[in-house]
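Undergrad: Here is the input, now give the coordinates:
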Amino acid sequence: MWRTALFFGLIGSVTLNVYLFMQLNVLTIENKFQQEVRVHPQQRDAQMKKDKIKSIENVNDIDSRKRSQQVANKIKQSIDAKDYFNARFLINTLANDHEAELPEVRLFWLQATEALIQQKSFTHAEDSISAYLAFEPDDGDFLYLQVDLYWQQQLPLLAIKYAYEVQYHVYNEVSNRNAINYARARVQQHADVLISTNLWLELRDLVEEVIIFDPQSLNLQWLFVRAQFELGEFEYARNAIEPLLSEPNYKIKALALLAEIEAALRKPQSIPLSRQGEHFIVQALMNDTFKVSLMLDTGASISLLSEPAFEALSQYSEVTYIKNINLNTAGGTVTASIYQVAEFAIQGYIVNDFVFAVSPSYVTEGNDGLLGMNFLSAFDFHIDQNNSLLILKNK
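TA: As a prediction, this is how the structure comes out:
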C-alpha cells in the first residue's frame, strides 16, 4: 500500500515540476518579446525602409540599363541607316545618362566608318566622321581616320593638313610628338611620289603649303631646295640651302648639292629634250601653273598652241586676247588668234608678257604646239642634237 502511495506521490511531483518549468519559459519569452518591442521599434522601421529603398533602386537600375541599351541600339540603327545627325543627337543623350554604353557604341561607329572608306563611300564616311567629332573632337582614332579618308580620295594636301592638326587634340608630349611624326611621314610619302615622277613644280608647291604647319622641319627645307634646283632656280636654291649647311644630318648632302648649284650657275643651262621623229619636244610652264609640251621650231616667229591645249589653259589660268592675224603655214595662209599670258618659263628661264598664237588648223599628236623664236631669241641658245639638249644662257 505504501508503495502505491509513494509511486503516485513521485508522479505528482514530476508533473508539478514540468508544469512550473513550462510556465517559467513562457514568461521569459513574453518578457523578452515585450522588451524587444519596447527598445527597438525605430531600428526595425528604419531597416524596413532601407530594404524598401534598396528594392526600388534595384528595379530602377534594371530599368536604366534597359533604357541605356535601347538608346545604344537606336544609335547603331541610325549609323546603319546613315542618319548621322540623329546618331550624334542620341550619343549626347547616352553620354549624359548612360555612359557605360559609350565604348561599345564608339567602336561600332568607328568600324562602320572604316568600312565606308574601304567601300569608297567617301561622302557618307565624311558625314560619319564629322558627326562623331562634333560629339568628341579629341578622339584620336576618328581624327586619324579623317586623314585616311582624304588620302584615299587622292587629296594629299588636305590629308596632310588634317594630319598636322591632330597634334592640337592630344594632351601629352609623347602623343604630340607621334602626331607630328605621323604628319611628316605623310608629307614624305607624297614627296617621294612627286620626286619619282619628276614633278618638281608640284613638290615646290607642296612644301610652300606645308611649311605653314611645320616651319621647323629641316626635311621640308631640303625638299624645297631640291625642287628649286631641279626647276633651274639656282640663285634661289643657293640662298635657301644656307641654313642646312650647318645641320649635322644635312650638311654632307647639302654641300654636295651646293656644289652642283654653283656649277650650274657657272655654265649655260642644259635642258633635256625628248624626240618625236626628227623633232625635239621641250616641257614649258605657262603662268606658273599650266604645263605644255612644245615642239622646237626655229623657223616660227611666234609660238603656237593647239586649240585643245588652249582650252585647257583657259580653265586653269588667265589669258588675254590681243588680236587675229594671218599665219603662213605649209598648208597655206590661216587665220589665228593672238593671246598673252603673264609668264612663260622653261626651267627657270622666263619671258614675261609672253604672246602666242592659237590655230584651229594645228593638229598633231605628242605635243601641244610649237616653241618659236619669240622665246628662243630672248636667250643665247643652242640645240645639242647629239645629246638631245637645249642650251640656254641669259644674254
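Undergrad: just for this structure, where's the confidence low?
TA: 1-64, 97-99, 267-268, 329-332 (pLDDT under 70).
Undergrad: show me where it has strands.
TA: Ranges of strands in the chain, per DSSP state E, are 269-272, 274-276, 279-286, 290-296, 304-306, 320-329, 332-346, 349-359, 369-371, 379-384, 389-394.
Undergrad: what about the third one, distance to the chain center?
TA: Read that as strand 279-286. 35 Å (C-alpha atoms, centre = their mean, to the nearest Å).
Undergrad: what sits up against that strand?
TA: 201, 271, 273-275, 291-296, 313, 317, 341, 343-346, 354, 366-367, 371, 383, 385, 388, 390 (C-beta atoms under 8 Å, 6 or more residues apart in numbering). The way it works is simple: take the backbone N, C-alpha and C, and place the C-beta from them, glycine included.
Undergrad: Now do the closest residue to residue 200 other than its chain neighbours: how many residues are near it, please.
TA: Once flanking residues are discounted, residue 200 sits nearest to residue 230: 4.0 Å by C-beta to C-beta, 6 or more residues apart in numbering. Neighbour count for residue 230, taken as other C-beta atoms under 10 Å: 18.
Undergrad: Between the strands of the chain, which one is closest to residue 88.
TA: strand 290-296 (42.9 Å; C-beta to C-beta).
Undergrad: helices or strands up against the closest one?
TA: strand 279-286, helix 307-316, strand 369-371 (3 or more C-beta pairs under 8 Å, 6 or more residues apart in numbering; DSSP states H and E).
Undergrad: Any chance of JSON lines for the ones you listed, columns distance to residue 224 and mean neighbour count?
TA: Compiled in JSON lines, these are given as follows (distance: least, C-beta to C-beta, whole Å; neighbours: other C-beta atoms under 10 Å):
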{"stretch": "strand 279-286", "distance to residue 224": "17", "mean neighbour count": "19"}
{"stretch": "helix 307-316", "distance to residue 224": "23", "mean neighbour count": "15"}
{"stretch": "strand 369-371", "distance to residue 224": "28", "mean neighbour count": "25"}
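Undergrad: Including distance to residue 168, could the ones you listed go into JSON lines?
TA: Below are the helices and strands packed on strand 290-296 laid out as JSON lines (distance: least, C-beta to C-beta, whole Å):
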{"stretch": "strand 279-286", "distance to residue 168": "36"}
{"stretch": "helix 307-316", "distance to residue 168": "34"}
{"stretch": "strand 369-371", "distance to residue 168": "48"}
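Undergrad: show me the contacts for the residue nearest the centre of the chain.
TA: Ranked by distance to the mean C-alpha position of the chain (C-alpha atoms, centre = their mean), the top residue is residue 147 at 1.9 Å. The contact partners of residue 147, by C-beta under 8 Å, 6+ apart, come to 159, 162-163, 166, 186.
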